[in-house]
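> Below are the sequence and a predicted model; questions follow.
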Amino acid sequence: MGVVTSVPKEPKAPKQDRSRATRQRLLAAAVACLAERGWAGSTVSVVAERAGVSRGAAQHHFPTREDLFTAAVEYVAEERSQALRALPVQNRAAVVAALVDLYTGPLFRAALHLWVAASDEEQLRPRVTELEARVGRETHRIAVELLGADESRPGVRETVQGLLDMARGLGLANLLTDDTARRERVVSQWAALVDEALG
């Protein structure tokens, strides 16, 4: 008789890791759905299908639609902050361009759809308002660091905030048409203005 040897089974990922991975897939799918379909076309079922999980699994992680999409925008905010923090501090023109890029991609598009939904959905509005205030403060703080801005000087805080508001406006303009050529000229001009204003 030969010796029977058992083939060791692949170790399963710990339950906590699988749960975290499922949650990440759901958040990424929610962001993609919001960016592509808007609020009306983004249901828990659509997101679950896109993430490759059951609706029940989705609702285990996010009991309501509002929970899912608020968490998705928080995820967007964290991704935006990480992208900003990862920027090599080269020069102010590169920082200005990178800040504008944050507001012209799918992450901003997803957040925008949630803002619009929050303007009509009472249960969503306070959550999105609080989240966006927090995201705005964090983005401003990171921009100040990257630009080397001294906010103790008069007008510097307003200059940084104006830059972020301009970037958001360019993101809105980019929603309907490809605004790349005009945006590049505007960004170049703003970079020169910011550099002059910050000294």
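Arrived safely, thanks for sending. Predicted, not measured: the structure shown is a model, and the values here were computed from it.
> Look up the closest residue to Ala143, ignoring the ones flanking it.
Closest residue to Ala143 apart from its sequence neighbours, by CB to CB, 6 or more residues apart in numbering: Val160 at 5.4 Å. In short, each C-beta sits where N, CA and C put it, glycine included.
> again, but for Glu74
That would be Leu131: by CB to CB, 6+ apart, it lies 6.0 Å from Glu74.
> picking up where we left off before, would you mind confirming that the residue nearest to Ala143 is in contact with Gly148?
No - counting by CB atoms under 8 Å, Val160 does not reach Gly148; the two are 10.9 Å apart.
> what about His61, neighbour count?
19 (other CB atoms under 10 Å).
> how close does the nearest residue to Ala98 once chain neighbours are set aside get to Thr43?
With CB to CB, 6+ apart as the criterion, Ala98 has its nearest non-adjacent residue at 5.2 Å, and that residue is Leu87. Relative to Thr43, Leu87 is positioned 35 Å away (CB to CB, to the nearest Å).
> for the chain, which spans come out with low pLDDT?
By pLDDT under 70, the weakly predicted segments of the chain are 1-13, 89-90.
> the helices in it, which residues?
Taking DSSP state H, the helices of the chain run over residues 15-37, 44-51, 55-61, 65-85, 92-102, 106-120, 125-147, 156-173, 180-198.
> elements contacting the fifth one?
Packing contacts for helix 92-102, counted by 3 or more CB pairs under 8 Å, 6 or more residues apart in numbering; DSSP states H and E, involve helix 65-85, helix 125-147, helix 156-173, helix 180-198.
> Turn these into TSV, columns for mean neighbour count.
Below are these laid out as TSV (neighbours: other CB atoms under 10 Å):
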stretch	mean neighbour count
helix 65-85	19
helix 125-147	16
helix 156-173	18
helix 180-198	15
